[in-house]
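J.: Sequence plus the predicted model coming up.
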Amino acid sequence: MSLDPLPLCLLFSSALFCLGLIGALARSNTILVLLGIELMLNAANLNFIAFWRYGPATSPATGVMFVMFSIAVAAAEAAVGLALIIAVYRHQKNIRLQEANRLKG
Amino acid sequence: MFKRDPEDCPLSQEVTPPPPSVTETERDELRRQGILLTSLQELYTWGNSHSVWPLNFGLACCAIEMIAASMAKFDIARFGSEVFRPSPRQADLLIVSGTVTKKMAPQVIRLWNQMPEPKYCIAMGACAISGGPFKQGYNVLKGIDRFIPVDIYIPGCPPRPEALLHGLVQLQKKIQGFKLTGPDAPRHLRDDQPCNCPVPEFGEHDLEPPANPAVWTAPPAIVRKD
Amino acid sequence: MSVSDLSGLNAERATPGARVREVHDSFHGDLLEVSMGPHHPSTHGVFRMIVTLDGETIVKLKPVFGYLHRNHEKLGETVTYLGSMPYTDRLDYLSSMTNNWAYALAVEKLAGQAVPERAEYVRVILAELTRLLNHTCLAGFLMQDCGCSGTPLMYAFREREYILDLFESLSGSRMMCNYQRFGGCRVDPSADWLAGAQKLTDRYGTFLDEFETLLTGNEIIMARTQGVGKLSPELAISAGVTGPMLRATGVNYDLRKVDAYGVYPRFDFRVPLGDHGDVYDRYMIRVLEMRESIKILQQALAGLPAGPIMDPKAKLRSFRPKAGEAYGRIEGPKGEIGFYLLSDGSPNPYRYRIRPPSFINLTVLEDMCLGHTVADAVIILGSVDIVLGEVDR
Amino acid sequence: MLGTGLLQGLGVTAKNFVGSFHDPARLTTIEYPEVKTKLPEAYRNFPFLVTENATDPMGTLRCVACQICEKECPPQCIYIEKSKDKKPDATGKPQLFPAIFAIDTSVCMSCQICVEVCPFDAIKMDQVYEIATTDRFSALLLNREQLAKSNAYYHEIHPTEAAEVDARLAAERKAAEAKAVAAAAAKAAAAAAKLAAPVAPKTPAV
Amino acid sequence: MESPEQIRDRLLARFPGAEISVVTNPGLAAQHSLLLGAAHARAIAEFLRDDPTLRLDQCSNVTGIDWPEKEIVETTNISTPDPANPAAPPTAVEQKTKRLQPGFLEVVYHLYSITHRHGPVIFRLRTGNRTDQATVPSLTPVWRSCEFQEREVFDLFGVTFVGHPDLRRILMWDEFKDHPMRRDYVEPDDYEWEPTPHGAVLEKTKAHYPTPPAPASVAPVKAAAP
Amino acid sequence: MTAALVLIAVFTLATAAVALSLRNLIHSALLLIASWFGIAAFYLWAGAEFVAFAQVLVYVGAVSMVVLFAVLLTRRSRADTVIAPDSVARAISAVITGVAVFGVLVAAILKSSLGRLSPAGVPALPGGTSVSPVIFAPTATVREIGIQLMSTHAAALLIIGILLTVALLGAVVLAAQDGSESKQESP
Amino acid sequence: MNLAVIPVAASVSEWSDSFLERLPLLARDWMTSWLPEPWRWLVNSLLSIAVILSVFGLLFAYVTLAERKILGRIQNRPGPNRTPIPFTKLRFFGLAQPFADGVKSLTKEDVVPRGADHLLHFLAPVVLLAFSILTFAVIPYGRHLVPVELNAGVLYFFAAGAATELAVFMAGWASRNKYSLLAAMRALAQLISYELPLLLAWVPVVLVAGTLSTTEIVAAQSGWQFNVIPHWYVFTPWGAAGFAIFMIAALAESNRSPFDLPEAESELIAGHLTEYSGFKYALFFMAEYFGMIALSGMAITLFLGGWHAPSPYLEFIPSYVWFMGKLSALLLGFIWIRATFPRLRMDQLTRFAWKFLVPLALINLGNAAFWSLSLHWSGPLQILRWLISVLVVVGPFVLLGRKLSAGVAPRVYRYAV
């Protein structure tokens, strides 16, 4: 295995992505699922930075730009997601994913 | 429950008045013990005696005079003790300022137990020492020293704020007389003495037990002769 | 070192009856049950409130009393009439002079004892000084509860010391004056003392101005206190609320006017009334009352007649009033303080009952606190102006 | 409004801060152990027993062990036992004296009722307040010897009151002496009369 | 304001059959009071509160009084004419009868009117006895101020107020068994050896320590009651 | 440099893995914060200073707070932060899925020519763009980022701004749905 | 990320780069000159860290003492003044007091409540202290004294600062005490509320200075108008407003009165600190003061011209002395406010942040944009520029302030005769 940084970075990010995936799939607590998704998003960001740093240069800071937008979107997603969780909790006093299957309050 | 031998009378230990300060002979003795220990001991007692933070805890009338002692005219801050901590975890000194009723006594003892060592207790005012004017009440504890070890007694009803300051100075002197090692070491530096006092329970008419034998023995008869 | 939770904070076993419930139910549902006190910096002593919180909003508040129940009434039945006088000092330990007066008034009613005019004037002077002292300290404590780092309290206690110096030089003790007697007062105030009182009266207004500059116009204090802890006049009357708390709801009821005891009818003063019945009103009513007290003091000091301070027929020892009963009350700084005495002709009263104003004012504590936050409960309790010695007796 | 109240408040505290450096009214602290408050004459803390003579405190106690204070003391902190024999008191009359006189200062509430009810001006209020101690029973339980303090000391702490008491006592003593003289004279006269007329009525004993 | 007699008459007119009587106060204060029967007490209280001329809207003070059963010795002179000699003056025989006046508990209410600024109107309620019939109707629904005061009377005297919303102990702890303000209440015997025992305290101490500890020896005496 | 990367990766992955497997929600959230710090460290390592600090500011300063708040608000008792164990079958299937995805990804990475794409390697992209053979370390100073944001990505910035505003409003509306019963202001 | 001296590009007058100015650097170089080159860098950094820690540790000790003494003076009393220097009887105005407290805290028993989360209970003070020390890294203390020169220094500062409230939450949560839990909730809400105004308050500075680097921001504030008025941002309308908002938010960030809600002694005992004793408590205390000092340092950097002297004639005084002077003044302000104000309530605090500070900060951002766009205006236009800018500050302040304080006003009372 080569010790080149780029594949290492990519391996790192894919491992993080899979961890997030496993977490999102395995846990039934909505907050943890959300956190798993956040981790997956972060893994994607890692790729952007890795390619920006070691990939072919296109525009000087595109990768960084992407990550910043991604962070902003992730923050918005977290806010909305957690607001949803609180709203669901208000309705059924529970935040287990399996039980949030009714579309009516 | 008590590690301490009842024969090891704590009263006699506390009867001996603290040395006014580190005297010359003691200094010599300490020098023999080693200069490091001496300076350590002095530093320890210096720090502990000049940073006595009382618990922000008032019971009755005396509490008002305790507050007055921390106010502009008397200013307990000059002794470094104006930091009245509301949480017992950060306090060094429990000023039992006022009547301890039987309903309140378990709480006071619990507060004492919650304070970290080294901790000191001042019984301020007649009520805290002996029940005072309310001694004959059915709901009044006849002295907080029945349950927790008291370092300084300040009589008065209520004592003047200066009397509290005087008591604080006495306490500082007592702390300055502490030895770090040896049989004279204070309670908190010895393994054989508990730092917690058992908390009494509410009984049908009285607290159970009505006293903590590890810290309390009835006084000798001084006057009575029949 | 084994340490349980803080007492009062996690009140396992603070009240044994509630033990089981609290251990199992402390986080019941969304509600959080917090036991404030008996050791809490803002309960003004050893008072306890079991507060149920939804977030920080209070949905239930149960006061728990008795942590300073010192058996005043039982002791009063075992000591002589005179012996109870020093005990009244320790009821409301911020205003011993008015307690003395209320007790003296009740005994004088019971025994038909006359009081010389000079003594009546001196009593008015001392009562109004006590009112100044009590209200100033209350304002300081209230601001402490609001979160001031001691400054208003320090200023209040600075002034308190001046008044206490007067009390001490007259009666011999700073707080526990034990000054009044059935049929007069114990010591005649000297000219020096009166000059000192005059000086204090003259400069007290200046202090109040400074105090009010610090506090009354303060936006944070207004925001914290206005609209908090509202009390309706109907509930206040039904609950027996008296004193500044009652007048803050707009009810014009001041025993100094209603009962016209002592020589109060001779003085010109007004009764300030609030319109909202909230914490700010209670604070302001007290400030305004202090200004009226200064007016009364000026008049009383100017009009102090010469003469004996004590009724020469009054007895100190072997004082045995005729069998019968009497209820005497005065307007204390905290409200109506009354004494009910039942005599069977012996040197001790058969029944000695204190009507404690702040205890009865606490009846409406829960009503005032519901819907507010913990921080509000603290200042609402502060604005009731309780002294535990009197609440629990 | 709009923060002006807050600024005014800051002004007040600033005034006090600056004032504390030059205005004694804004630095009211009495630096206690070095400087002490001047106690007013009326100040009272715990009772003491007045003795006429400092060199013989137990012999010249004014207290006659009448136990009135013991009965009147609201917290019941006084304990008295009467002596078996008698000693002359301040006015020269033979009186009982306290064999035991103890006051538990850890119970005393400094109410001064014992002083008020004492018909012999024997018990007065002391002004010592620096009595904090590490020992409850041996330091706070005062016996007769610890309680006895001289009349000079009484004059020192309560000059006006002590002068008044002394004057009254002197008057009483004078009256007693006069009475004694009169009685003696009467006795002498009666004896003379008895000698003269054996059936003269008896003068009542003094 | 109307005198107690006038109020009684109006009440009797309004509530025929109610037990109402005036208890005169022999003292100089002459604050006479009304004694109400339990049956109509609540209705009468509401009437007193709402009646436009009285408007007693403030219940200022609630007091409990304990009247333990008392042995009353009555002396009667019975003159029995001598059957043998009717002309002779009858021999007067002094006969003493002992009567046990049953004890009861009494609750006294002091009412004032804030609207009309008059008062006090005093009325009393009595329980049947001090043990099993120690009940009176609660007036808390009429005046909120009775809430804590009636709880206090319940706690200290043992009067049960029927209809009180929250009748619990208020000053003593919940496990407490007795009612300490009753005149026959026996205090817990928790006095330590009093160096200045006095009166009642002395008695208790003596009971506690039949033989006082020897003077000057610091023998640890168990302070607890067996 | 590589060693540092490996360290950062191990730290991040370990904290994330432990965080996602814990039963105590608060511990999970706090450990995830540590993991986010690891990612920020990676950005720093890669020379993207601004992004690293932005990551800390946004994730540690804001997202973590919202998460903790949500944990505390959606909890019925103290024990509720310790959640019940999830079903084993579900966990096993999730792990299998995850490992499978990971395998595919690893294979793809290793098979691709990316390894030779690193600055030291030969530039050979299908697109034919040429990369200079010198060591290429891109810079992203704040000024550059600012200029880029305002020129090339101005439209995206605007959209993100709108998105954030809408999301914030949406979150407030959602969370304050039942707010009528509680008097507390929800910011 | 070079830890070292940064050359100042600006023209350095003879006075302003005197021996005194370079003294700390010279001393350091002298001390490490004997070391071989590769080690020197490391030792230099360690020395800087040690110096920062000791200087600020000492500053912490004396800020606590100054707080107690100033609070005392404000309250008509002298404050701590009797503690002697150890092994002597010299009192020296009680200057040894903080060390006595330190010795006491070190020797005090450490109590961890039963049932507490032991790890978090231990970590909370450590995390808090670590992050508050981290924030010291980017503050320029003097002309040549900045520990770490970062491109995005300001961002770094606030990123590190954001983690401190997390520690408060950890402490509150780990203590297993209801009051602490309430405090933890309050700390979170407070952070969420005040992070935004804090960020928005410094964005205008970055906008006008055109950089996120602290040294460059300080450099941008060099020079004097007519040799009298310094070019500090606080002397512009938007800068003054920004400074005020920043300081208010800083009060909230550092949990100081009137925003000390998590600690709220009169309500929540000591909030998150309730279960901390001994040395952990001292660490908390230290970290809170460090946070206060760091935020003040940042405020100086952003608004008060950093280490610049207020007048060109005062430049002979070394820059770090000026920095320390300004720092002391700000700390005095913190203490003064604490001595005067009562505490706000939680809902009032959030309302104040969201309905008052955030809009004002946003408007202020626009104001700063206007200011930088109108940079070239001169003559009467300059007056117009000032006028508009002041209006944009004062107008919203009055309007929002009115709205915020609706329903709260002094009252007039009636009297019954």
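T.: Ah, there it is.

J.: Could you pull out the helices in the chain for me?
T.: No chain specified, so I'll use chain A. Under the criterion DSSP state H, chain A contains helices at A:5-26, A:30-54, A:62-92.

J.: that's the wrong chain, I meant chain D
T.: Using DSSP H, helices in chain D cover D:4-22, D:68-72, D:113-117, D:136-140, D:144-147, D:151-157, D:159-196.

J.: Output those helices in a markdown table; the columns should cover mean neighbour count, mean pLDDT and distance to D:Ser83.
T.: Just so you know, the C-beta spots here come from the backbone N, C-alpha and C atoms, and that holds for glycine as well. Shown next, in a markdown table, are those (neighbours: other CB atoms under 10 Å in any protein chain shown; pLDDT from 0 to 100; distance: least, CB to CB, whole Å):
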| stretch | mean neighbour count | mean pLDDT | distance to D:Ser83 |
| --- | --- | --- | --- |
| helix D:4-22 | 17 | 89 | 59 |
| helix D:68-72 | 20 | 84 | 15 |
| helix D:113-117 | 20 | 88 | 19 |
| helix D:136-140 | 20 | 79 | 24 |
| helix D:144-147 | 18 | 84 | 11 |
| helix D:151-157 | 17 | 87 | 21 |
| helix D:159-196 | 13 | 82 | 21 |
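
J.: which one of the ones you listed lies closest to C:Asn178?
T.: helix D:113-117 (7.7 Å; CB to CB).

J.: elements contacting that closest one?
T.: Packing partners of helix D:113-117 (3 or more CB pairs under 8 Å, 6 or more residues apart in numbering or on different chains; DSSP states H and E): helix D:68-72, strand D:123-125.

J.: before we move on, which element is C:Leu61 in?
T.: If you go by DSSP states H and E, C:Leu61 is part of strand C:57-64.

J.: any residues touching that strand, and which ones?
T.: C:14-15, C:31, C:37-38, C:47-53, C:362, C:365-366, C:369-374, C:376-377, F:182-184 (CB atoms under 8 Å, 6 or more residues apart in numbering or on different chains).

J.: For chain A, what's the nearest residue on chain D?
T.: D:Gly3 (32.4 Å; CB to the nearest CB).

J.: quick one: low-confidence parts of chain E?
T.: By pLDDT under 70, the low-scoring segments of chain E are E:80-84, E:86-91, E:189-226.

J.: Just give the nearest non-adjacent residue to B:Gly125, would you?
T.: B:Cys62 (3.8 Å; CB to CB, 6 or more residues apart in numbering or on different chains).

J.: Kindly provide the distance from the one you found to E:Asp51.
T.: To E:Asp51, B:Cys62 is 48 Å away according to CB to CB, to the nearest Å.

J.: who has more neighbours, these two?
T.: For B:Cys62 versus E:Asp51, the count of surrounding residues by other CB atoms under 10 Å in any protein chain shown is larger for B:Cys62: 29 against 16.

J.: Mind checking what helix or strand follows the strand or helix carrying that one in sequence?
T.: Assigned by DSSP H and E, B:Cys62 belongs to helix B:61-69. Next along the chain after helix B:61-69, taking DSSP H and E as the criterion, comes strand B:93-97.

J.: what's that following strand packed up against?
T.: Strand B:93-97 sits against helix B:61-69, helix B:105-114, strand B:120-124, helix B:125-130, with contacts defined as 3+ CB pairs under 8 Å, 6+ apart.
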